[in-house]
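Engineer: After the sequence you'll find the predicted model.
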Amino acid sequence: MKACIMCGGTGTRLRPLTFKHPKPSIPILNKPSVLHLIEHLAREGFNEIVMTLGYMGERIEEQLGNGHMFGVHINYVYEKEKLGTAGGVKNAEKYLKSEPFIVLGGDHVLNLDLREMYRFHQTNDAKVTIGLLSIDDPRDFGIADMDINSRIHRFLEKPKSGQIFSNLASTGIYICDPSIFELIPENKKYDFAKDLFPSMLAADEKINGALVQGKWTDVGSSAAYRQAQRWMLDSLPGTTIEGNFTTRNARIRGPLTIGHNVSIGSNSSLVGPIAIGENTTIGDNVLIGPYSVIGSNCTIGNDSKILSSYLFDNVSIGKASNISGAVVADETIVGDNCYLENGTVIGHKVVIGNYSTIHSGVKVWPQITINQNSSIKDTLVNSDYDTTYEGS
């Protein structure tokens with residue numbers, strides 16, 4: 001079976017994390033987010049994959065290669081200019097025109113039964129089947145009005161207050177017949193939700209909905225990213241230690257996954273679920289709480305606390321610092337006696353001086369130096385980078 005993964009977005013809402021990583025390559029459990037999606041597709045029987053690439057697409061291709069080591073074959077199609085979701089899939093038509101195919105976003109994290117959704121589509125006569133999930137607040141998604149026979153009669157992207165006629169939200173997962181390509185213009189920006197679906201409904205073309213069960217999110221914001229990490233940590237089956245591991249009187253309670261050549265100091269405490277990358281050193285009297293991920297080549301100083309936080313590779317945390325509910329990108333240095341409060345997002349190559357506090361919800365752009373004894377209450381942007389962080 002065939003799958004098309006859309007990876008063209010710039011990930012502005014995930015900034016400052018997406019200045020170094022394209023959104024599908026943001027690490028979850030220390031490997032690219034999209035790799036988790038590909039592994040799930042492979043388990044579900046989707047082994048012919050096409051990826052539509054735009055922003056930093058070369059990085060994604062470099063990480064995944066031809067896909068053979070993950071049990072799939074991957075073809076890549078680049079967009080010279082932004083074509084929208086449907087336009088991007090149209091651009092990959094030559095790889096998809098022989099049979100029905102599934103369309104997903106490269107930022108999707110899920111455990112849904114995609115094979116069942118595909119079979120549902122095969123047994124019905126609609127050109128498109130949309131995966132729908134009932135959620136409490138669907139304002140950030142497309143919503144659908146579906147009848148008892150699974151036919152969708154109304155579809156509205158990102159409804160405003162007073163327009164929420166349904167809480168059935170589109171997951172952005174579609175099963176499409178190849179005939180769909182006849183409805184998508186070539187070399188033109190064209191979206192599934194904003195353009196194609198309204199056009200099909202206006203022409204009385206049949207669109208079906210399939211109610212899906214399980215966990216799903218698109219990693220479009222730092223809050224959704226933290227949620228996705230928690231889901232994946234919850235799925236850890238037990239404690240896995242790869243290669244050399246040293247510790248002195250540490251208290252360790254799983255589940256955990258620990259990479260090669262990890263060292264944990266005396267009287268430290270690790271309470272899972274936790275993932276730790278290779279070549280990482282954790283000092284004495286360190287507390288690492290549940291739902292934390294620490295990347296490779298990191299250093300955690302004595303007497304520090306890492307609680308429900310996510311550190312990328314090559315991060316250094318000083319002595320007696322407290323990182324709580326934060327995301328810290330690659331090669332950042334946090335000094336001694338610092339506090340990173342809940343919801344802070346720190347870009348790559350940031351230096352935070354000793355005795356500094358980054359307040360809740362603050363974002364710090366890459367390559368910024370924060371002086372010691374600072375109290376940062378507002379987002380800090382670096383004019384060398386794009387300063388926009390609202391959007392898709």
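Structural biologist: Everything's here; your move. Numbers count the residues shown, from 1 in each chain.

Engineer: Break down the stretch 201-350 of the chain into its helices, ranges please.
Structural biologist: Per DSSP state H, counting those that start in this stretch, the stretch 201-350 of the chain carries helices over the ranges 222-234.

Engineer: remind me which residues of the chain are low pLDDT?
Structural biologist: The chain contains residues with pLDDT under 70 at 390-392.

Engineer: Show me the domain layout of it.
Structural biologist: Per automatic domain parsing, the structural domains of the chain span 2-220, 240-376.

Engineer: Quick one: closest of the ones you listed to Q227.
Structural biologist: domain 2-220 (5.9 Å; C-beta to C-beta). From N, CA and C alone the C-beta is placed, and that goes for glycine too.

Engineer: End to end on that closest one, go ahead and measure it.
Structural biologist: 25 Å (C-alpha to C-alpha, to the nearest Å).

Engineer: Likewise for stretch 245-257?
Structural biologist: 12 Å.

Engineer: which one's the longest strand in this protein?
Structural biologist: Secondary structure assigned by DSSP state E gives strand 168-176 as the longest strand of the chain.

Engineer: Show me what it packs onto, helices and strands only.
Structural biologist: Strand 168-176 is packed against strand 101-105, strand 108-110, helix 114-122, strand 128-134, strand 142-146, strand 207-211, strand 216-218, with contacts defined by 3 or more C-beta pairs under 8 Å, 6 or more residues apart in numbering; DSSP states H and E.

Engineer: Count the residues that sit near the residue lying closest to G57 once chain neighbours are set aside.
Structural biologist: Of all residues not flanking G57 in the chain, Y78 sits nearest, at 5.7 Å (C-beta to C-beta, 6 or more residues apart in numbering). If you count neighbours by other C-beta atoms under 10 Å, Y78 ends up with 15.

Engineer: how near is Y78 to N267?
Structural biologist: 52 Å (C-beta to C-beta, to the nearest Å).

Engineer: And I370, by the same measure?
Structural biologist: 30 Å.

Engineer: Kindly report the same for G335.
Structural biologist: Distance from G335 to N267, by C-beta to C-beta: 23 Å.

Engineer: more crowded one of these two?
Structural biologist: Neighbours were tallied for G335 and for N267 using other C-beta under 10 Å; the higher tally belongs to G335 (20 against 14).

Engineer: Wait, the more buried one touches I358, no?
Structural biologist: No. Applying C-beta atoms under 8 Å, one finds G335 not in contact with I358, separated by 11.5 Å.

Engineer: Identify the contacts common to those two.
Structural biologist: Residues within reach of G335 and of I358 at once, by C-beta atoms under 8 Å, 6 or more residues apart in numbering, are I352.

Engineer: how about JSON lines for the domains of the chain, with distance to Y385 added?
Structural biologist: JSON lines is the format used below for the domains of the chain (distance: least, C-beta to C-beta, whole Å):
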{"stretch": "domain 2-220", "distance to Y385": "6"}
{"stretch": "domain 240-376", "distance to Y385": "6"}
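
Engineer: The ones you listed: which one's closest to D386?
Structural biologist: D386 lies closest, by C-beta to C-beta, to one member of those: domain 2-220, at 7.5 Å.

Engineer: How far off centre is the closest one?
Structural biologist: 14 Å (C-alpha atoms, centre = their mean, to the nearest Å).

Engineer: Stretch 314-324 too?
Structural biologist: For stretch 314-324, the distance to the chain centre is 24 Å (C-alpha atoms, centre = their mean).

Engineer: Next, the distance between the ends of that stretch.
Structural biologist: Start-to-end span of stretch 314-324 (C-alpha to C-alpha) is 19 Å.

Engineer: Mind listing residues that contact it?
Structural biologist: Taking C-beta under 8 Å, 6+ apart as the rule, stretch 314-324 contacts 283, 294-309, 311, 328-342, 354.

Engineer: Narrow the residues you listed to just the buried residues.
Structural biologist: 283, 294-309, 311, 328-341, 354 (16 or more other C-beta atoms under 10 Å).

Engineer: Wasn't E61 part of a helix?
Structural biologist: Yes. Judged by DSSP: H, G, I helix; E, B strand; the rest coil, E61 forms part of a helix.

Engineer: Could you pull up the residues touching it?
Structural biologist: 51, 53, 76.

Engineer: What of H21?
Structural biologist: Contacts of H21 (C-beta under 8 Å, 6+ apart): 27, 56, 59.

Engineer: tell me which residues in stretch 48-62 are buried?
Structural biologist: Buried residues in stretch 48-62 (16+ other C-beta under 10 Å): 48-57, 59-61.

Engineer: wait, what's in contact with V381?
Structural biologist: Taking C-beta under 8 Å, 6+ apart, one finds 365, 387 in contact with V381.

Engineer: gap between it and Q367?
Structural biologist: As for V381, its distance to Q367 is 11 Å (criterion: C-beta to C-beta).

Engineer: Tell me if I am right that L41 is in a helix.
Structural biologist: Yes. Counting by three-state DSSP, L41 is part of a helix.

Engineer: That one: neighbouring residues, count only.
Structural biologist: 25.

Engineer: Then V219?
Structural biologist: V219 sits with 27 neighbouring residues when counted by other C-beta under 10 Å.

Engineer: what does L168 give?
Structural biologist: 21.

Engineer: So in terms of bridging, what pairs with it?
Structural biologist: S134 (DSSP bridges).
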